[in-house]
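1. Here is my input, please return the structure:
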Amino acid sequence: MHVAAIIAAGGRGVRLGADRPKQFLKLGGRSILALSIDALAASDRIHEIVVAVPPDHLDATAAAWAGVTGKPLTIVAGGMRRQDSVANAFARTAATADIILIHDAARPFVTAGVIARTIDAAATHGAAIAALSVRDTVKQAGASVADGSRPITATIPRDSIFLAQTPQAFRRDVLARALAAGHAIDATDEAMLVERLGLPVQIVEGDAGNIKVTTPEDLEAARRRVPDLRIGNGYDLHRLVAGRPLILAGVTIPFELGLDGHSDADIVCHAVTDAVLGAAAAGDIGRLFPDTDPKWKGADSIALLRGALVQVHAAGYRVSNVDVTVIAQRPKLLPYLLVMRENLAAALDVDVSAVSIKGKTNEGVDSMGRGEAMACHAVALLTSNS
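-> Here you go, the predicted structure:
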(Lines give C-alpha, C1' and ligand atoms only; values in the text may rest on other atoms or scores of the structure.)
Protein backbone atom coordinates (compact mmCIF):
# COMPACT_ATOMS: atom_id res chain seq x y z
CA MET A 1 0.00 0.00 0.00
CA HIS A 2 1.51 3.29 -1.17
CA VAL A 3 0.89 6.23 1.19
CA ALA A 4 1.46 9.84 0.19
CA ALA A 5 1.56 12.46 2.94
CA ILE A 6 0.47 16.05 2.40
CA ILE A 7 1.57 18.74 4.82
CA ALA A 8 -0.75 21.74 4.82
CA ALA A 9 1.69 24.62 5.36
CA GLY A 10 0.12 27.29 3.18
CA GLY A 11 -1.39 29.42 5.94
CA ARG A 12 -0.20 32.71 7.40
CA GLY A 13 -0.82 32.01 11.09
CA VAL A 14 -2.38 35.43 11.72
CA ARG A 15 -3.65 34.51 15.19
CA LEU A 16 -0.11 33.98 16.43
CA GLY A 17 0.86 37.56 15.59
CA ALA A 18 4.42 36.61 14.57
CA ASP A 19 6.61 38.29 11.98
CA ARG A 20 6.39 35.30 9.65
CA PRO A 21 4.05 32.35 9.06
CA LYS A 22 4.03 30.19 12.18
CA GLN A 23 5.30 27.10 10.38
CA PHE A 24 8.63 28.87 9.86
CA LEU A 25 9.11 29.82 13.52
CA LYS A 26 11.85 27.94 15.36
CA LEU A 27 11.61 25.25 18.02
CA GLY A 28 14.94 24.05 19.33
CA GLY A 29 16.75 25.69 16.44
CA ARG A 30 14.56 24.14 13.71
CA SER A 31 11.36 25.35 12.13
CA ILE A 32 7.98 23.94 13.12
CA LEU A 33 7.57 22.82 9.51
CA ALA A 34 10.91 21.01 9.59
CA LEU A 35 9.90 19.11 12.72
CA SER A 36 6.60 18.11 11.10
CA ILE A 37 8.40 16.93 7.96
CA ASP A 38 10.83 14.97 10.12
CA ALA A 39 7.98 13.27 11.97
CA LEU A 40 6.32 12.09 8.77
CA ALA A 41 9.59 11.16 7.07
CA ALA A 42 10.46 8.96 10.05
CA SER A 43 7.36 6.82 9.55
CA ASP A 44 7.96 3.66 7.55
CA ARG A 45 4.29 3.78 6.53
CA ILE A 46 4.78 6.92 4.43
CA HIS A 47 6.43 6.72 1.01
CA GLU A 48 6.36 10.31 -0.26
CA ILE A 49 5.67 13.78 1.12
CA VAL A 50 4.19 16.84 -0.60
CA VAL A 51 4.28 20.17 1.24
CA ALA A 52 2.11 23.15 0.31
CA VAL A 53 3.68 26.45 1.42
CA PRO A 54 2.82 30.13 0.84
CA PRO A 55 3.80 31.05 -2.74
CA ASP A 56 6.32 33.64 -1.56
CA HIS A 57 8.13 30.93 0.43
CA LEU A 58 8.14 28.35 -2.35
CA ASP A 59 11.64 28.85 -3.75
CA ALA A 60 13.38 29.16 -0.37
CA THR A 61 11.62 26.11 1.06
CA ALA A 62 12.32 23.99 -2.01
CA ALA A 63 16.00 24.94 -1.94
CA ALA A 64 16.30 24.21 1.78
CA TRP A 65 14.82 20.71 1.45
CA ALA A 66 16.43 19.54 -1.77
CA GLY A 67 17.51 15.92 -1.21
CA VAL A 68 17.27 16.14 2.57
CA THR A 69 14.64 13.66 3.74
CA GLY A 70 15.69 10.42 2.03
CA LYS A 71 12.12 10.09 0.73
CA PRO A 72 10.56 11.81 -2.28
CA LEU A 73 9.68 15.33 -1.13
CA THR A 74 7.87 17.87 -3.29
CA ILE A 75 7.25 21.51 -2.37
CA VAL A 76 4.27 23.21 -4.03
CA ALA A 77 2.59 26.60 -3.78
CA GLY A 78 -0.41 26.74 -1.50
CA GLY A 79 -3.74 28.36 -2.34
CA MET A 80 -6.06 30.93 -0.82
CA ARG A 81 -7.81 28.38 1.41
CA ARG A 82 -6.68 25.25 3.20
CA GLN A 83 -8.54 22.99 0.78
CA ASP A 84 -6.94 24.83 -2.16
CA SER A 85 -3.48 24.12 -0.73
CA VAL A 86 -4.40 20.48 -0.17
CA ALA A 87 -5.75 20.22 -3.73
CA ASN A 88 -2.52 21.67 -5.14
CA ALA A 89 -0.49 19.14 -3.16
CA PHE A 90 -2.84 16.27 -4.02
CA ALA A 91 -2.29 16.96 -7.71
CA ARG A 92 1.43 16.32 -7.22
CA THR A 93 1.14 13.00 -5.38
CA ALA A 94 1.98 9.81 -7.21
CA ALA A 95 -0.93 8.36 -9.15
CA THR A 96 -0.11 5.04 -7.49
CA ALA A 97 -0.77 6.41 -3.98
CA ASP A 98 -3.59 4.39 -2.42
CA ILE A 99 -3.90 6.45 0.77
CA ILE A 100 -3.46 10.20 1.13
CA LEU A 101 -2.56 11.34 4.64
CA ILE A 102 -2.96 15.04 5.43
CA HIS A 103 -1.23 16.72 8.35
CA ASP A 104 -1.09 20.25 9.74
CA ALA A 105 2.37 21.80 9.50
CA ALA A 106 1.72 23.34 12.91
CA ARG A 107 1.52 19.92 14.64
CA PRO A 108 5.22 19.02 14.99
CA PHE A 109 4.77 16.38 17.70
CA VAL A 110 2.72 13.76 15.87
CA THR A 111 3.74 10.21 16.76
CA ALA A 112 4.31 7.14 14.63
CA GLY A 113 1.45 5.40 16.44
CA VAL A 114 -1.11 8.06 15.53
CA ILE A 115 0.10 8.03 11.92
CA ALA A 116 -0.20 4.24 11.69
CA ARG A 117 -3.66 4.10 13.31
CA THR A 118 -5.02 6.73 10.95
CA ILE A 119 -3.63 5.04 7.84
CA ASP A 120 -4.96 1.62 8.84
CA ALA A 121 -8.45 2.95 9.57
CA ALA A 122 -8.56 4.85 6.26
CA ALA A 123 -7.50 1.74 4.37
CA THR A 124 -10.37 -0.19 5.96
CA HIS A 125 -13.13 2.44 6.01
CA GLY A 126 -12.15 4.95 3.34
CA ALA A 127 -11.59 7.92 5.66
CA ALA A 128 -10.26 8.39 9.18
CA ILE A 129 -9.04 11.12 11.47
CA ALA A 130 -7.16 11.27 14.74
CA ALA A 131 -9.21 12.91 17.49
CA LEU A 132 -9.36 13.31 21.25
CA SER A 133 -12.33 12.57 23.46
CA VAL A 134 -13.51 15.46 25.62
CA ARG A 135 -12.75 15.13 29.32
CA ASP A 136 -14.37 18.31 30.60
CA THR A 137 -18.10 18.95 30.89
CA VAL A 138 -19.33 20.62 27.70
CA LYS A 139 -21.74 23.56 27.85
CA GLN A 140 -23.67 25.23 25.07
CA ALA A 141 -24.02 29.00 25.48
CA GLY A 142 -26.35 31.66 24.17
CA ALA A 143 -25.53 35.16 22.98
CA SER A 144 -23.47 37.52 25.11
CA VAL A 145 -25.33 39.82 27.51
CA ALA A 146 -24.47 43.38 28.51
CA ASP A 147 -21.61 42.50 30.87
CA GLY A 148 -19.99 40.20 28.30
CA SER A 149 -21.00 36.95 29.95
CA ARG A 150 -22.98 34.27 28.13
CA PRO A 151 -25.84 32.19 29.56
CA ILE A 152 -25.71 28.40 29.44
CA THR A 153 -28.45 26.98 27.25
CA ALA A 154 -27.61 23.28 27.52
CA THR A 155 -25.18 20.72 28.86
CA ILE A 156 -24.06 18.54 25.97
CA PRO A 157 -23.30 14.86 26.61
CA ARG A 158 -19.58 14.60 26.09
CA ASP A 159 -19.50 10.91 25.18
CA SER A 160 -20.04 11.76 21.52
CA ILE A 161 -17.88 14.92 21.39
CA PHE A 162 -14.36 14.68 19.96
CA LEU A 163 -11.68 17.26 19.19
CA ALA A 164 -10.35 16.74 15.68
CA GLN A 165 -6.61 16.59 15.06
CA THR A 166 -4.45 15.63 12.14
CA PRO A 167 -3.32 13.40 10.56
CA GLN A 168 -6.45 12.70 8.54
CA ALA A 169 -6.23 9.96 5.94
CA PHE A 170 -8.37 9.03 2.96
CA ARG A 171 -8.48 6.55 0.15
CA ARG A 172 -7.43 8.37 -2.99
CA ASP A 173 -10.82 8.24 -4.67
CA VAL A 174 -12.59 9.50 -1.54
CA LEU A 175 -10.36 12.55 -1.21
CA ALA A 176 -10.59 13.30 -4.94
CA ARG A 177 -14.40 13.35 -4.77
CA ALA A 178 -14.42 15.46 -1.62
CA LEU A 179 -12.08 18.11 -3.01
CA ALA A 180 -13.97 18.29 -6.30
CA ALA A 181 -17.33 18.75 -4.55
CA GLY A 182 -16.15 21.16 -1.87
CA HIS A 183 -15.40 24.35 -3.78
CA ALA A 184 -18.48 26.18 -2.50
CA ILE A 185 -17.57 26.02 1.19
CA ASP A 186 -14.57 26.92 3.32
CA ALA A 187 -13.71 23.73 5.17
CA THR A 188 -11.60 23.72 8.32
CA ASP A 189 -10.45 20.18 7.63
CA GLU A 190 -10.70 17.54 4.92
CA ALA A 191 -13.01 15.32 6.96
CA MET A 192 -15.64 18.06 6.72
CA LEU A 193 -15.58 17.79 2.93
CA VAL A 194 -15.96 14.01 3.06
CA GLU A 195 -18.82 14.30 5.56
CA ARG A 196 -20.71 16.53 3.10
CA LEU A 197 -20.66 13.66 0.61
CA GLY A 198 -22.45 11.48 3.15
CA LEU A 199 -19.46 9.16 3.41
CA PRO A 200 -18.34 7.71 6.75
CA VAL A 201 -15.26 9.08 8.50
CA GLN A 202 -13.85 7.00 11.34
CA ILE A 203 -12.22 8.39 14.48
CA VAL A 204 -9.05 6.82 15.84
CA GLU A 205 -7.35 7.70 19.09
CA GLY A 206 -5.33 10.89 18.85
CA ASP A 207 -2.64 12.11 21.20
CA ALA A 208 -2.86 14.95 23.73
CA GLY A 209 0.76 15.77 22.96
CA ASN A 210 -0.07 16.31 19.28
CA ILE A 211 -0.74 20.01 19.86
CA LYS A 212 -1.35 22.57 17.14
CA VAL A 213 0.66 25.76 17.46
CA THR A 214 -1.95 28.49 16.99
CA THR A 215 -1.55 31.04 19.79
CA PRO A 216 1.46 32.55 21.59
CA GLU A 217 0.65 30.26 24.51
CA ASP A 218 0.83 27.22 22.22
CA LEU A 219 4.20 28.39 20.91
CA GLU A 220 5.57 28.78 24.43
CA ALA A 221 4.34 25.30 25.37
CA ALA A 222 5.95 23.86 22.24
CA ARG A 223 9.25 25.58 22.97
CA ARG A 224 9.30 24.05 26.44
CA ARG A 225 9.11 20.64 24.78
CA VAL A 226 11.93 21.37 22.34
CA PRO A 227 14.36 23.69 24.11
CA ASP A 228 17.07 25.33 22.02
CA LEU A 229 20.23 24.13 23.77
CA ARG A 230 23.83 25.06 23.07
CA ILE A 231 26.92 23.42 24.58
CA GLY A 232 30.34 25.04 24.74
CA ASN A 233 33.69 24.08 26.22
CA GLY A 234 36.55 26.20 27.41
CA TYR A 235 40.16 25.57 28.43
CA ASP A 236 42.90 27.66 29.95
CA LEU A 237 46.41 27.06 31.29
CA HIS A 238 48.86 29.42 33.02
CA ARG A 239 52.30 29.01 34.52
CA LEU A 240 52.80 29.30 38.26
CA VAL A 241 55.32 31.98 39.25
CA ALA A 242 56.50 33.68 42.42
CA GLY A 243 55.24 37.13 43.30
CA ARG A 244 51.72 36.74 41.91
CA PRO A 245 48.45 36.09 43.79
CA LEU A 246 46.65 32.83 43.09
CA ILE A 247 43.11 33.75 42.06
CA LEU A 248 40.60 31.08 41.06
CA ALA A 249 36.95 31.92 40.34
CA GLY A 250 37.50 35.28 41.99
CA VAL A 251 38.84 33.77 45.22
CA THR A 252 42.36 34.66 46.37
CA ILE A 253 43.84 31.43 47.69
CA PRO A 254 46.84 31.53 50.07
CA PHE A 255 49.80 29.97 48.23
CA GLU A 256 53.45 30.77 47.63
CA LEU A 257 52.93 30.91 43.86
CA GLY A 258 50.41 32.60 41.58
CA LEU A 259 49.35 32.29 37.98
CA ASP A 260 51.18 34.44 35.44
CA GLY A 261 49.13 36.40 32.94
CA HIS A 262 48.08 39.75 31.49
CA SER A 263 44.93 39.96 33.62
CA ASP A 264 44.62 38.38 37.05
CA ALA A 265 45.21 35.01 35.26
CA ASP A 266 42.10 33.43 36.78
CA ILE A 267 42.03 30.20 34.76
CA VAL A 268 38.58 29.21 36.05
CA CYS A 269 36.94 32.42 34.86
CA HIS A 270 38.85 32.27 31.60
CA ALA A 271 37.77 28.70 30.83
CA VAL A 272 34.16 29.42 31.75
CA THR A 273 34.22 32.62 29.69
CA ASP A 274 35.34 30.69 26.62
CA ALA A 275 32.76 27.97 27.29
CA VAL A 276 29.79 30.35 27.39
CA LEU A 277 31.05 32.42 24.46
CA GLY A 278 31.68 29.30 22.42
CA ALA A 279 28.22 27.92 23.11
CA ALA A 280 26.67 31.18 21.91
CA ALA A 281 29.04 31.39 18.91
CA ALA A 282 29.97 34.82 20.25
CA GLY A 283 33.74 34.68 19.88
CA ASP A 284 36.27 33.93 22.59
CA ILE A 285 38.03 35.64 25.45
CA GLY A 286 41.06 36.54 23.32
CA ARG A 287 38.92 38.50 20.88
CA LEU A 288 36.79 40.26 23.47
CA PHE A 289 39.58 41.00 25.95
CA PRO A 290 42.90 40.75 24.05
CA ASP A 291 46.09 40.57 26.10
CA THR A 292 47.59 43.13 23.72
CA ASP A 293 45.25 45.80 25.08
CA PRO A 294 46.71 47.57 28.13
CA LYS A 295 43.28 48.29 29.57
CA TRP A 296 42.94 44.61 30.47
CA LYS A 297 46.24 44.59 32.35
CA GLY A 298 45.51 43.12 35.79
CA ALA A 299 41.79 42.94 34.98
CA ASP A 300 39.39 41.19 37.34
CA SER A 301 38.36 38.07 35.43
CA ILE A 302 35.00 37.91 37.19
CA ALA A 303 34.27 41.25 35.51
CA LEU A 304 35.39 39.79 32.18
CA LEU A 305 33.02 36.87 32.69
CA ARG A 306 30.16 39.29 33.32
CA GLY A 307 31.08 41.06 30.09
CA ALA A 308 30.95 37.76 28.23
CA LEU A 309 27.50 37.10 29.69
CA VAL A 310 26.28 40.33 28.07
CA GLN A 311 27.30 38.85 24.71
CA VAL A 312 25.53 35.58 25.52
CA HIS A 313 22.32 37.42 26.38
CA ALA A 314 22.60 39.52 23.21
CA ALA A 315 22.76 36.28 21.22
CA GLY A 316 19.45 35.23 22.77
CA TYR A 317 20.69 32.70 25.32
CA ARG A 318 21.03 32.27 29.06
CA VAL A 319 23.30 30.00 31.07
CA SER A 320 21.67 26.83 32.38
CA ASN A 321 24.68 25.28 34.10
CA VAL A 322 28.46 25.02 34.01
CA ASP A 323 30.79 22.19 34.99
CA VAL A 324 34.41 23.02 35.79
CA THR A 325 37.49 20.88 36.41
CA VAL A 326 40.62 22.52 37.80
CA ILE A 327 43.86 20.57 37.33
CA ALA A 328 46.40 21.48 39.99
CA GLN A 329 48.89 19.40 41.96
CA ARG A 330 48.55 21.80 44.86
CA PRO A 331 47.20 23.60 46.84
CA LYS A 332 44.11 21.65 47.87
CA LEU A 333 41.04 23.48 46.63
CA LEU A 334 38.31 21.77 48.66
CA PRO A 335 38.09 24.51 51.36
CA TYR A 336 37.45 27.15 48.68
CA LEU A 337 35.11 25.37 46.28
CA LEU A 338 31.83 26.67 47.71
CA VAL A 339 32.91 30.32 47.56
CA MET A 340 34.27 29.75 44.06
CA ARG A 341 30.93 28.31 42.99
CA GLU A 342 29.06 31.22 44.55
CA ASN A 343 31.24 33.73 42.69
CA LEU A 344 30.67 32.04 39.35
CA ALA A 345 26.94 31.69 40.00
CA ALA A 346 26.64 35.41 40.75
CA ALA A 347 28.60 36.36 37.63
CA LEU A 348 26.53 34.04 35.43
CA ASP A 349 23.17 34.95 36.99
CA VAL A 350 22.36 31.36 37.94
CA ASP A 351 21.73 29.51 41.18
CA VAL A 352 24.79 28.06 42.86
CA SER A 353 23.31 24.59 42.30
CA ALA A 354 23.92 25.15 38.56
CA VAL A 355 27.69 25.49 39.06
CA SER A 356 29.97 22.51 39.65
CA ILE A 357 33.71 22.82 40.35
CA LYS A 358 36.01 19.85 40.85
CA GLY A 359 39.69 19.76 41.65
CA LYS A 360 42.01 17.11 40.17
CA THR A 361 45.72 16.47 40.45
CA ASN A 362 47.76 15.31 37.50
CA GLU A 363 49.45 12.51 39.47
CA GLY A 364 52.85 14.13 39.14
CA VAL A 365 52.74 14.01 35.33
CA ASP A 366 53.87 16.93 33.08
CA SER A 367 54.02 20.61 34.01
CA MET A 368 50.81 20.52 36.02
CA GLY A 369 51.82 17.40 37.89
CA ARG A 370 55.20 18.98 38.70
CA GLY A 371 53.47 22.06 40.09
CA GLU A 372 54.73 24.36 37.32
CA ALA A 373 51.28 25.25 35.94
CA MET A 374 47.54 24.95 36.47
CA ALA A 375 44.84 24.27 33.91
CA CYS A 376 41.07 24.37 33.81
CA HIS A 377 38.41 22.74 31.64
CA ALA A 378 34.83 24.07 31.56
CA VAL A 379 31.62 22.98 29.88
CA ALA A 380 28.60 25.29 29.67
CA LEU A 381 25.00 24.60 28.69
CA LEU A 382 22.95 27.50 27.32
CA THR A 383 19.21 27.66 26.75
CA SER A 384 17.48 29.96 24.30
CA ASN A 385 15.51 32.87 25.75
CA SER A 386 12.97 32.71 22.91
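2. From Leu381, how far out is Ala77?
-> Distance, Ala77 to Leu381, by C-beta to C-beta, to the nearest Å: 41 Å. (Glycine included, C-beta is placed from N, CA and C.)
3. go on, Val268?
-> 17 Å.
4. neighbour-wise, which of those two wins?
-> Between Val268 and Leu381, counted using other C-beta atoms under 10 Å, Val268 has the larger neighbour count: 29 against 18.
5. Summarise which helices and strands the helix or strand harbouring the more buried one is packed against.
-> For Val268, the host element (DSSP states H and E) is helix 267-279. If contacts are counted by 3 or more C-beta pairs under 8 Å, 6 or more residues apart in numbering; DSSP states H and E, helix 267-279 sits against strand 229-242, helix 285-288, helix 301-314, strand 317-327, helix 337-348, strand 373-384.
6. where does the stretch 1-150 of the chain have low pLDDT?
-> Scanning the stretch 1-150 of the chain for pLDDT under 70 picks out no residues.
7. whoops, the stretch 251-386 of the chain was the one
-> Within the stretch 251-386 of the chain, the segments meeting pLDDT under 70 span 386.
8. If you count neighbours, what's buried in stretch 319-331?
-> 319-329, 331 (16 or more other C-beta atoms under 10 Å).
9. Pick the one among the residues you listed closest to Arg107.
-> Ser320 (27.8 Å; C-beta to C-beta).
10. Leaving out chain neighbours, which residue sits closest to that closest one?
-> Leu381 (4.4 Å; C-beta to C-beta, 6 or more residues apart in numbering).
11. Who is the one you found paired with across the strands?
-> Per DSSP bridges, the residues bridged to Leu381 are Ile231, Asn321.
12. one step back: can I get the buried residues of stretch 319-331 in CSV including distance to Ala34?
-> As requested, the buried residues of stretch 319-331 are arranged in CSV below (distance: C-beta to C-beta, whole Å):
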residue, distance to Ala34
Val319, 27
Ser320, 24
Asn321, 28
Val322, 30
Asp323, 31
Val324, 35
Thr325, 36
Val326, 41
Ile327, 41
Ala328, 46
Gln329, 50
Pro331, 51
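13. Which pair of those spans the longest distance?
-> Taking C-beta to C-beta as the measure, those have their most distant pair in Ser320 and Gln329, spaced 31.7 Å apart.
14. Tell me the spacing between Arg223 and Phe24.
-> The gap separating Arg223 from Phe24 is 15 Å, by C-beta to C-beta.
15. what do you get for Thr188?
-> For Thr188, the distance to Phe24 - C-beta to C-beta - is 22 Å.
16. Compare these two (neighbour count), which wins?
-> Phe24 (20 against 12).
17. Look up the residues forming beta bridges with the closest residue to the more buried one other than its chain neighbours.
-> Computed as C-beta to C-beta, 6+ apart, the closest residue to Phe24 that is not its neighbour in sequence is Ser31, at 5.1 Å. Beta-bridge pairing of Ser31 under DSSP bridges involves Lys26.
18. ok, the residue nearest to Ser320 - contacts?
-> 229-231, 279, 319-322 (C-beta atoms under 8 Å, 6 or more residues apart in numbering).
19. Need these in CSV (columns: distance to Arg135).
-> Output for those, formatted as CSV (distance: C-beta to C-beta, whole Å):
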residue, distance to Arg135
Leu229, 33
Arg230, 38
Ile231, 39
Ala279, 41
Val319, 39
Ser320, 34
Asn321, 37
Val322, 42
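20. how about a markdown table for the helices and strands packed on helix 267-279, with distance to Val51 added?
-> Converted to a markdown table, the helices and strands packed on helix 267-279 look like this (distance: least, C-beta to C-beta, whole Å):
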| stretch | distance to Val51 |
| --- | --- |
| strand 229-242 | 27 |
| helix 285-288 | 41 |
| helix 301-314 | 34 |
| strand 317-327 | 30 |
| helix 337-348 | 41 |
| strand 373-384 | 25 |
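21. do you know which of the ones you listed lies nearest Pro55?
-> strand 373-384 (30.2 Å).
22. now the closest one, how far from the centre of its chain.
-> Relative to its chain's centre, strand 373-384 lies at 23 Å (C-alpha atoms, centre = their mean, to the nearest Å).
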